[in-house]
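Visitor: Build the 3D model from these lines:
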Amino acid sequence: MNSIMADSVKIESRPIPAFYCCYLLRSKNRKAFYIGSTPNPARRLGQHNGSSKGGAKRTSMQGKRPWEMTCIVTGFPSRAAALQFEWAWQNTHATRHIEREVRDARLEELQKGRKNPSPVKRPRPPMSLEARLKNLHHLLGVGSFSRWPLNIRFFAQDVFAQWEKHISKMKTKLRTDVTIRVTPAELPKLAPDVQSEMRTHFIPEIIRAIPVAYEDCKVHVEKSKNILGDGQQRTCGVCRLGMRAEESLVLVCPVETCRAVSHMACMSQKFLAEEKNVDAIIPVQGTCPSCQTSLRWSDLMKELSLRMYGEEELKVMFKTKRKKKSDGTVGEDADEFPDIDELEVDMDEDLDETWTENVNDDEDK
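Guide: Modelled structure (predicted):
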C-alpha cells in the first residue's frame with residue numbers, strides 16, 4: 001500500500017500539476033470541433049487562434065478561426081491522467097477504458113449514414129457536438145476515471161443547453177460527485193470593424209481568470225512548513241504513533257485552525273474505510289481525524305507532492321517581486337503569483353496530430 005500511494009504522489013519526481021484540463025473547441029465559422037488538453041487554457045486558446053506561437057495544425061486554418069472554448073474538464077491528478085482522458089474523449093469508439101459492447105454501440109451509432117465505412121479499420125468516425133457531449137458523459141462514468149475528482153465548466157450557454165438535452169435522454173446518470181458550472185464567455189460589444197479584428201485575438205476574461213498556478217496551495221504549504229519545519233516528532237492523528245516528516249510521508253490538514261498531521265498510509269486507510277469501497281486502492285475523500293472536516297484526497301496529495309518534489313515551484317510561489325517606487329528607488333511587493341510560464345511549463349498536447357492524413361474528418365469539410 002505504501003509504495004502504491006507513494007507512486008500516486010511522485011510522477012517523474014515532479015509535483016502534481018497546479019492545473020490541467022481537457023477542453024472542447026468549436027469553430028465560429030465552420031462546423032468543426034477540436035479536443036485537446038493544456039495546463040493553461042487562456043494561453044492555449046490564443047495559440048489555436050494564432051495570436052501566439054503554437055497550436056495544433058488542425059486548428060491553424062484561417063477559415064476555421066476564431067475558435068471558442070466551449071467547456072473544460074478539470075480535476076486530473078496528473079498530466080498523464082489528462083492525456084489518457086483526452087485520447088479517450090477523442091476516440092471513445094476505440095478506447096479500452098470503455099467496455100467493448102459500449103464501444104461497438106457508439107461506433108455503430110456514429111457510422112449511421114456514412115458512405116462506405118471501412119470493414120477492416122476502425123478509423124475515428126465524424127462526430128457532431130451531440131456525439132462529443134455523449135462521449136464525455138460516457139467517460140465520466142467508466143471505472144477508469146470514476147475516482148478522479150473531475151468537474152465540468154461550460155463557457156458556451158448553448159453547448160450547456162445541448163448537454164442537458166442529450167444527457168437527460170441517456171439511460172446512465174452522471175455520477176453525483178461531478179460538479180457542473182456554467183460561466184458564459186462572450187465577446188465584448190464593439191464596433192464591427194474593431195470586433196472583426198479582435199475575434200481571433202480576444203480571450204474572454206472568464207477564461208483568463210482561471211487560476212493555473214498553485215494559488216490554492218500556498219496557504220496549505222505555508223501551514224505545513226510551520227508545523228513540520230522544526231524537525232520535531234509529531235503524533236499521527238490516526239494511529240497515534242510518533243513520526244517525523246524527514247522519515248515518513250506526512251499529510252497535514254489544510255484547515256487553518258487544525259493542527260492534525262497523519263501518516264499518508266494511515267489517512268488513506270481511514271478514508272477508504274469511510275467510503276466502504278472494498279475494491280478501491282486510492283481514496284477520493286474523507287474526514288480529518290481531528291477537526292472532522294471533509295477533505296479531498298487530491299488536495300492533500302497536491303500539497304505533499306509540492307513539499308516533496310516542488311523545490312522550483314515553491315521558489316516561484318514564494319518569490320517576492322520587486323518594482324520601482326514613485327521616488328525611483330526599488331522596493332518590494334507582497335508575494336504575488338507569477339504567470340504559469342515562469343515554471344517553464346509548455347506541455348500542451350496535440351494528440352490529434354498523431355493521426356494519419358487518411359483519417360476521414362467529414363465534420364471539417
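
Visitor: Which residue ranges of the stretch 201-350 of the chain form helices?
Guide: 205-208, 218-228, 264-275, 297-309, 311-317 (DSSP state H, counting those that start in this stretch).

Visitor: Can you check what angle separates the second one from helix 297-309?
Guide: An angle of 60 degrees separates the directions of helix 218-228 and helix 297-309 when computed by axes from the mean of the first three to the mean of the last three CA atoms, to 10 degrees.

Visitor: Now helix 218-228: buried residues?
Guide: For helix 218-228, burial by neighbour count (16 or more other CB atoms under 10 Å) applies to 218, 220-221, 223-224, 227-228. (C-beta placed from N, C-alpha, C; glycine too.)

Visitor: What lies in contact with it?
Guide: 214, 234, 245, 250, 252, 254, 256, 259, 261, 299, 303, 306-307, 314, 317-318, 335, 337 (CB atoms under 8 Å, 6 or more residues apart in numbering).

Visitor: so which of the helices of the stretch 201-350 of the chain is the most packed in?
Guide: Highest mean neighbour count of these: helix 297-309, a mean of 22 (counted as mean count of other CB atoms under 10 Å).

Visitor: Phi, psi for Val182 please.
Guide: phi -120, psi 110 (degrees, to the nearest 10).

Visitor: surely it meets Ala161?
Guide: No. In this structure Val182 lies outside contact range of Ala161 using CB atoms under 8 Å: 9.5 Å.

Visitor: So for these two, which sits in the more crowded spot?
Guide: Neighbours per residue (other CB atoms under 10 Å) separate Val182 from Ala161, with Val182 holding more: 16 against 12.

Visitor: Report how many residues lie close to the closest residue to Ser294 other than its chain neighbours.
Guide: In this structure, Ser294 finds its nearest non-sequential neighbour in Thr287, 5.7 Å apart by CB to CB, 6 or more residues apart in numbering. Neighbours of Thr287 under the rule other CB under 10 Å: 13.

Visitor: wait, doesn't Thr287 sit right on Glu274?
Guide: Yes. Shown here, Thr287 and Glu274 form a contact pair, counting by CB under 8 Å, at 6.6 Å.

Visitor: Which segments of this structure make up each domain?
Guide: What automatic domain parsing lists as the domains of the chain is 17-213+345-364, 221-316.

Visitor: mean pLDDT for the ones you listed: which is lowest?
Guide: Ranked by mean pLDDT, the domains of the chain bottom out at domain 17-213+345-364, which scores a mean of 81.

Visitor: Can you give the distance from that one to the centre of its chain?
Guide: Averaging C-alpha positions (CA atoms, centre = their mean, to the nearest Å) puts domain 17-213+345-364 12 Å from its chain's average.

Visitor: Ok, stretch 14-34 next?
Guide: Remark: stretch 14-34 is offset 10 Å from the chain centroid, using CA atoms, centre = their mean.

Visitor: Please save the CA atoms from it in CSV.
Guide: Taking Å, rounded to 0.1, in the frame of the first residue of the first chain, the C-alpha atoms of stretch 14-34 are listed here in CSV:
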residue,chain,number,x,y,z
ARG,A,14,7.7,16.3,-10.2
PRO,A,15,4.8,17.6,-8.1
ILE,A,16,1.2,17.1,-9.2
PRO,A,17,0.4,19.9,-11.7
ALA,A,18,-1.1,23.0,-10.4
PHE,A,19,-3.8,22.8,-13.1
TYR,A,20,-4.5,20.6,-16.1
CYS,A,21,-7.7,20.3,-18.2
CYS,A,22,-9.2,18.8,-21.3
TYR,A,23,-11.2,21.2,-23.5
LEU,A,24,-13.6,21.3,-26.4
LEU,A,25,-13.1,23.9,-29.1
ARG,A,26,-15.8,25.0,-31.6
SER,A,27,-15.1,26.9,-34.8
LYS,A,28,-17.1,30.1,-35.1
ASN,A,29,-17.1,29.9,-38.9
ARG,A,30,-17.4,26.2,-39.7
LYS,A,31,-18.9,23.0,-38.3
ALA,A,32,-15.6,21.9,-36.8
PHE,A,33,-14.6,20.9,-33.3
TYR,A,34,-11.3,20.1,-31.5
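
Visitor: Can you tell me the SS state at Tyr34?
Guide: strand (DSSP: H, G, I helix; E, B strand; the rest coil).

Visitor: Let me see the contact set for it.
Guide: Tyr34 sits next to 24-25, 48, 56, 58-59, 67, 352 when contact means CB under 8 Å, 6+ apart.

Visitor: Just these: which are in helices?
Guide: His48 (DSSP state H).

Visitor: From Phe155, how far out is Cys71?
Guide: 6 Å (CB to CB, to the nearest Å).

Visitor: swap in Asn49?
Guide: 14 Å.

Visitor: try Cys288
Guide: Applying CB to CB, the value for Cys288 to Phe155 is 34 Å.

Visitor: which one of the two has more residues nearby?
Guide: Just comparing Cys288 and Phe155: by other CB under 10 Å the higher neighbour count belongs to Phe155, 23 against 20.

Visitor: Assumed His138 was part of a strand.
Guide: No. Assessed with three-state DSSP, His138 is helix; it does not lie in a strand.

Visitor: close enough to count as contact, Cys239 and Met267?
Guide: No. Cys239 is not in contact with Met267 according to CB under 8 Å; the separation is 9.8 Å.

Visitor: hmm, back to that, between the buried residues of helix 218-228, which is nearest Glu99?
Guide: Here the nearest of those to Glu99, counting by CB to CB, is His220; it sits at 38.6 Å.
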